[in-house]
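Novice: Quick check, what structure comes out for this input:
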Amino acid sequence: MRHEVMTSDITVVGGGLAGVCAAIAAARLGRRVALVTNRPVLGGNSSSEVRVWVCGATGHGVHHFAREGGVMGELLVENQYRNPEGNPYYWDLVVLDAVRAEPNITLFLNTDVREVAAGGPGDARRIDSVTGWMMGSERLIRFDSPLYLDCTGDGLVGHLAEARYRIGREARSEYGEPWAPEVADDITLGSTLLFYTKDTGEPTRYVPPRFAKDITATPIPEHRIIRAGDNGCAYWWIEWGGELDTVHDNERIRDELWSVIYGIWDYIKNHGTFDADMMSLEWVGALPGKREYRRFVGDHTLTQHDIIDQVEFDDRVAFGGWSIDLHPPGGMYATEAGSKHLYSTGVYHVPYRSLYSVNCTNMLMAGRDISASHVAFGSTRVMATCGTLGEAAGTAAALCVQRRLSPRELSERHSGDLVQTLLRQDGSIIGLAAHDPADLAAAASVTASSYIRSPALRPNGETRELTSDIAVVVPAGPLLESVSLLLSGDGEVTVEVCAGDRGQNYVPARQLASATATVAGDRPQWVRFALAGQPIKLPEGLPVIVVLRSVPGVTVHLADNTVPGVLALINQPGKRSPDDQMPLGSQQVLAWRSIPLHRRAPAIRLSPDTDALAPARVLDGYQRPYGSGPHMWCSDPADDEPWLRLDWPQPTVVRHIDVIFDDDVHEDLINLHHHRTPGREMPTLVRDYVIETAGPDGGWVEQHVETGNRRRHRVHDLSEAVTTTAVRLRLTATNGAPSVHVISLRVYA
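Specialist: Have a look, this model is predicted:
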């Protein structure tokens, strides 16, 4: 046995997406990081060992402009480029490559942390070291650092350090959560094993093992969907163990799950009425994907109310949007639906105070073990959200080390700095603007070769009868006088201009104005809806939504949607959550769906012109769609040589140029096989561009040429500092979009 000591600034234990994003975030801020995981691959439940698909704030189309940014966003966009088919092994490589690209990370695979040295009183514990055994290498490694991140999912490090935690469901009276049980208990969400099948091209036999369960003697065939061609994600409901101890009964849970999987396959192959003669099992998981165990107690416990009310914490450092998704204690044997869902109207916020321990002074946590009630955990547990929490915790840890502060001291003294650091790194924060005193662009004037002044969507030949209400989210403002739509048929059409009730809520909530016009004739005609005698002033910070009320017999002419910030929604009253039988109730976000009109919208024109896509938007500090627009500059599609430039009144020293391009955060990307997004590169991303500075003779000096870009956030360090009065970004090609989109342009000395 070899005994070793690894000294670093930060030790991250857990190689799931929370741990990976935490390690990368801290390393990019200059901290030396030890990333320790007990598995041979990274990615946790998303890895090829378990193969759960990565869900997040989009809710697979329920929420809009909600895909995660930062490190998590990079992984999803890169996976789309390398692995649009959803190969789980290629996903492993995307995650591993991202970690190995960071020189400040030392990776320890197959290293099981089982010892924690900690001391101090119960309300002020401190971790001194953690020790792991590297399986297969016979190396006993002690990890020393001033800060530790528990990203283990099960919360083992914090448990051994005696950090306070909860297991199970709180009583309804504790936080007043309507979805909590009347009496507290130890019930958790269960664990799952998945399987893959394949068509062999010839008849195959299947002889079940002796331990395969006869599922016809269970409620499964009656209450769960079984299809021969389904595998993997479709069988998320193969879940059990919520009434046991998820960790200590792990082997028993795995055996029960195996018995059901092999029993389901026996049912499909040998006993059911399925067309499965040529199908065979390709892969069966051996490592249960755990959903829930310990949840640490932080300075704030996130609750159902925080999620549904979308509480705007001052120290918000991440967002989520997956439904509160809770499963019956009996799992796959339950007779009720396999899950029930409760959605907020848009994405919600997670505060930094939920990411550090209330009593272990140098421990942060990220992933499914953060400080949340069982009900709130039903949403925060999904992996893309865990990844954004990891980036926030890793960033906080880096600042704590740099400033020699505890996580709580950072919260009390510098939570604003944490938020601004995350925004500079393009972290996943909604509704807060970046204010960086070091950014020289703030003192510059910004101009561009052109910009889109009205979302004039041109028809593509496709039509849709107005049998349901249709809403169009538009980048508008500050004034709106009229809306024109391309219509045909016969009837009187009413258009309402509405606003959402929060900057991230794309559901009509408040009517601002309305107008009615008559449509007559089968020939398409632009119909103008004059809203008032004079332009109406649109509210700041809220989405603008044009609603066309249903009129059967009237046809709406559609256009391919290439204008950022435009989104079409169809009202589907009575829509239910796709995974359960719960009635819609007040969840209007489920009624207004964008999927039926994905990448399309009614042909529309606004008057007067909008400044929502003007060049000044690259300096407004917002890096995601929010309120009345997408917060980006968008060139006119007719502009063949688009450029964006910053001008200073005095010569300025420039060394670093930081650009954020548009990777279309409305597009719901997936790492595995839940669904497939066409294409490899995101069309909205700028592919080729040139960075130039103004020379002393009035000409332009080329500083950097980029070709083949497929990333959102690009940081360019010039070979040497340049004194100049202007910087120009010349955009020469996109990955398919008809115009260029730039979200942010920052300059540093």
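Novice: So, low pLDDT: which residues of this protein?
Specialist: Along the chain, segments meeting pLDDT under 70 span 574-586.
Novice: And the helices in it, which stretches?
Specialist: Assigned by DSSP state H, the chain shows helices spanning 17-28, 70-82, 88-100, 156-160, 172-175, 220-223, 250-266, 304-308, 374-380, 383-403, 407-424, 588-591.
Novice: In the longest one, which of the residues would be classed as buried?
Specialist: Of the residues in helix 383-403, those with enough neighbours to count as buried (16 or more other C-beta atoms under 10 Å) are 383-401. (Each C-beta comes from the backbone N, C-alpha and C, glycine too.)
Novice: Show the contacting residues for residue 117.
Specialist: 127, 128, 129, 130, 131 (C-beta atoms under 8 Å, 6 or more residues apart in numbering).
Novice: What's the separation between it and residue 529?
Specialist: 70 Å (C-beta to C-beta, to the nearest Å).
Novice: can you check residue 493 too?
Specialist: 8 Å.
Novice: list the residues that contact both of the two?
Specialist: 485, 516, 517.
Novice: Just the buried subset of those, please.
Specialist: 485, 517.
Novice: out of the shared contacts of residue 493 and residue 529, which one sits closest to residue 670?
Specialist: Using C-beta to C-beta, residue 485 is the member of these that lies nearest residue 670, at 33.4 Å.
Novice: So which residues make contact with stretch 521-536?
Specialist: Stretch 521-536 is touched from outside by 459, 479-490, 493, 495, 497, 512-517, 519, 557, 605, 608, with contacts defined as C-beta under 8 Å, 6+ apart.
Novice: So which of these sit within strands?
Specialist: Among these, DSSP state E puts 459, 479-480, 482-489, 493, 495, 497, 512-517, 519, 557, 605 in strands.
Novice: Where do the strands of the stretch 201-350 of the chain begin and end?
Specialist: All strands of the stretch 201-350 of the chain, identified by DSSP state E, counting those that start in this stretch, fall at 239-240, 279-284, 295-296, 316-320, 324-326, 340-342, 348-351.
Novice: Which of those sits closest to residue 41?
Specialist: Of the strands of the stretch 201-350 of the chain, nearest to residue 41 by C-beta to C-beta is strand 279-284, at 14.3 Å.
Novice: So in terms of bridging, what pairs with the closest residue to residue 466 other than its chain neighbours?
Specialist: Counting by C-beta to C-beta, 6 or more residues apart in numbering, residue 554 is the residue found nearest to residue 466 once chain neighbours are left out, at 4.5 Å. Here residue 554 sits in beta bridges with residue 489, as judged by DSSP bridges.
Novice: what's the distance between residue 554 and residue 379?
Specialist: Residue 554 sits 39 Å away from residue 379, taking C-beta to C-beta as the criterion.
Novice: Those two: which is more packed in?
Specialist: Comparing residue 554 with residue 379 by neighbour count (other C-beta atoms under 10 Å), the higher total belongs to residue 379, at 28 against 22.
Novice: isn't that one right up against residue 310?
Specialist: No: look at residue 379 against residue 310 with C-beta atoms under 8 Å: they stay out of range, at 11.9 Å.
Novice: Which neighbours do the two have in common?
Specialist: Shared contacts of residue 379 and residue 310, counting by C-beta under 8 Å, 6+ apart, come down to residue 348.
Novice: Can you name the residues that contact residue 543?
Specialist: By C-beta under 8 Å, 6+ apart, the residues touching residue 543 are 473, 499, 500, 503, 505, 506, 627, 628.
Novice: Can I get these in CSV including distance to residue 90 and neighbour count?
Specialist: Listed next are the contacts of residue 543 as CSV, based on distance: C-beta to C-beta, whole Å; neighbours: other C-beta atoms under 10 Å:
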residue, distance to residue 90, neighbour count
473, 34, 29
499, 43, 20
500, 38, 23
503, 36, 21
505, 36, 22
506, 33, 25
627, 37, 23
628, 39, 27
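Novice: ok, the nearest residue to residue 197 once chain neighbours are set aside - contacts?
Specialist: For residue 197, ignoring the flanking residues on the chain, the nearest one in space by C-beta to C-beta, 6+ apart is residue 231 at 4.7 Å. Applying C-beta under 8 Å, 6+ apart to residue 231 gives the contacts 194, 195, 196, 197.
Novice: now the strands: where do they sit in the stretch 551-700 of the chain?
Specialist: 554-560, 567-571, 592-593, 600-602, 604-607, 633-634, 643-661, 686-694, 700-706.
Novice: deepest of the ones you listed, which one?
Specialist: strand 633-634 (a mean of 30; mean count of other C-beta atoms under 10 Å).
Novice: Residues contacting that one, please?
Specialist: Counting by C-beta under 8 Å, 6+ apart, 448, 451-452, 563-564, 613-618, 644, 739-742 sit against strand 633-634.
Novice: now the residues you listed: which count as buried?
Specialist: For these, a neighbour count by 16+ other C-beta under 10 Å gives the buried set as 448, 451-452, 563-564, 613-615, 617-618, 644, 739-742.
Novice: In those residues, find the pair that's most separated.
Specialist: Farthest pair in the buried ones among the contacts of strand 633-634, by C-beta to C-beta: 563 and 644, 17.7 Å.
Novice: Taking the contacts of stretch 521-536, please make a ChimeraX selection of just the buried ones.
Specialist: Selecting only the buried entries of the contacts of stretch 521-536 in ChimeraX, with 16+ other C-beta under 10 Å as the criterion:
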select :479,480,481,482,483,484,485,486,487,488,489,493,495,497,512,513,515,517,519,557,605
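Novice: ok, now which ones touch the closest residue to residue 212 other than its chain neighbours?
Specialist: Among residues not flanking residue 212 along the chain, residue 262 sits closest, at 3.9 Å (C-beta to C-beta, 6+ apart). Counting by C-beta under 8 Å, 6+ apart, residue 262 makes contact with 208, 209, 211, 212, 213, 284.
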